[in-house]
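Visitor: Make a model of this:
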Amino acid sequence: MTDKKKSINRFAKYSGLAFQLLMFIGIGYFIGNWIDGKWKAEQPYGTALGAIFFLILGLAYVIRDILREEKP
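Guide: Take a look at the predicted model:
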């Protein structure tokens, strides 16, 4: 593969990872928001914790995927 094709493929892959990370955060937000609604919480602690938890999961997924690509 040429260097130009490799750089385009990497750009596409990493931009896809960014959207996946946004999806992780969004899913966590909506799950946390649903929990807050079920418990009739005055403060949105479920929303915050859900978004943070899924952010950590998403970052672990992205890091694992990047490290897997770097192995020979």
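Visitor: Could you check how many residues crowd around Asp61?
Guide: Just to correct that, residue 61 is Tyr rather than Asp. Here the number of neighbours of Tyr61 (other C-beta atoms under 10 Å) works out to 14. For the C-beta atoms, the positions are set from N, CA and C on the backbone; glycine is no exception.
Visitor: in the host helix or strand of it, what's buried?
Guide: Using DSSP states H and E, Tyr61 sits in helix 45-70. The neighbour-count check on helix 45-70 (16 or more other C-beta atoms under 10 Å) flags 46-47, 50-51, 54, 58, 62 as buried.
Visitor: Can you lay out these as TSV showing distance to Tyr14?
Guide: Shown next, in TSV, are those (distance: C-beta to C-beta, whole Å):
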residue	distance to Tyr14
Gly46	31
Thr47	28
Gly50	25
Ala51	22
Phe54	20
Gly58	14
Val62	9
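Visitor: Please give me every residue in contact with the residue nearest the centre of the chain.
Guide: In the chain, the centroid-proximal residue (C-alpha atoms, centre = their mean) is Leu21; its distance is 2.1 Å. Applying C-beta atoms under 8 Å, 6 or more residues apart in numbering to Leu21 gives the contacts 55, 58-59, 61-62.
Visitor: again with Trp34
Guide: Gly46.
Visitor: Give me the pLDDT value at it.
Guide: You'll see Trp34 listed with a pLDDT of 97.
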